[in-house]
Structures are given as C-alpha cells and as structure tokens.
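[1] Give me a model of this one.
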Amino acid sequence: MDNLAEQFNQRGATALPGHLGMVVTHVGKDEVRAELEVRPHTMAPNGFLHAGSVVTLADTCSGYGCVTNLPAQANGFTTIELKSNHLGTAREGTIECVARPVHLGRTTQVWDAVVSHRDTGKTIALFRCTQMVLYPPA
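    Residues are numbered from 1 along each chain as shown. Model (predicted):
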C-alpha cells in the first residue's frame, strides 16, 4: 500500500468507505485501486452482494482519483452522474476495483472502473461516473 492510499484510508475511516471496510491499496494520477471483503453488512437481504456496496467501491475509487487530479485552483468536486452495469455477484471473498481516468478536464472529469472478484477474476460490474470540478466563488 502506498502512502497516498493510506492517507485516503484515514480520510474515509469514519465515513461510508470505512464503515463498509473498504481498503484503498493504490492511489495515482492514472489509476486508483481498492478492495472490499464480502461480509454480512455488504450483502442484500437476498444473500448476494448488495449493488450499493459495489457502486460505493467504484465511486470511491473514482472520487479519490478525481481529488488526486484536481486543477490547482479547484477546491473540490461532486459526482454529477454515474452508471453501473452489474454482470455478476459474490457471496464470499474479496472484490477489487480499478478506476482509471477517461477525461481530466478543467470543469469535469470522467472515470471508468471495473469491479471484479479477486479469486475468480470474474467481472462483477462496469462503472462510469462524471464529476464536476468545483472552484471557490470569484
């Protein structure tokens, strides 16, 4: 785990990523990686991995990537759109996410993420989000 990943783990420890047990393993300008152990609190009542757990993992990776790539004058961002295609699920093990930038603009960023099962390599979800870059009032 790199130092920047540890900083983001500390930042999210008391928020939803920490509550779910997400662990960020790498943060770079071109890629963010994190993992989530499949546990009872990440499941839906039907016994399968909750789609919200998957989306939270992907959105968090993309958001941390956005923060890492903010223009110098920007002071934050907000997700303005997201889409996920769920192709599989899990009942045990660990899921992993890899997020990469598609567009790093002055006013928006677009990130793609792939969530997969660590042991099987099976793709769980494909995810894309758009973030609006925020600036302080003039």
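[2] Run through who's touching the longest helix anywhere in the chain.
    In the chain, with assignment by DSSP state H, the single longest helix is helix 51-68. Helix 51-68 is contacted by residues 4, 8, 12, 16-17, 20, 22, 24, 27-29, 31-34, 36, 42-44, 77, 79, 82, 84, 86, 95, 97-101, 109, 111, 113, 115, 124-125, 127, 129, 131, 133 when judged by C-beta atoms under 8 Å, 6 or more residues apart in numbering. (C-beta placed from N, C-alpha, C; glycine too.)
[3] Helices - which of those residues land there?
    Leu4, Phe8, Gly12, Leu16, Pro17, Leu20.
[4] And the third one, what's its pLDDT?
    If I follow you right, that is Gly12. pLDDT for Gly12: 95.
[5] And the pLDDT for the spatially closest residue to it that is not a sequence neighbour?
    Leaving aside its sequence neighbours, Gly12 sits nearest to Gly18 (C-beta to C-beta, 6 or more residues apart in numbering; 5.1 Å). Note on Gly18: pLDDT of 96.
[6] Check the gap between Gly18 and Arg11 for me.
    Gly18 is 9 Å from Arg11, where distance means C-beta to C-beta, to the nearest Å.
[7] swap in Thr108?
    Going from Thr108 to Arg11 by C-beta to C-beta gives 23 Å.
[8] The closest residue to Val27 other than its chain neighbours: neighbour count?
    Distances taken as C-beta to C-beta, 6+ apart place Leu4 nearest to Val27, at 4.2 Å, with adjacent residues excluded. Per other C-beta atoms under 10 Å, the neighbour tally for Leu4 reads 15.
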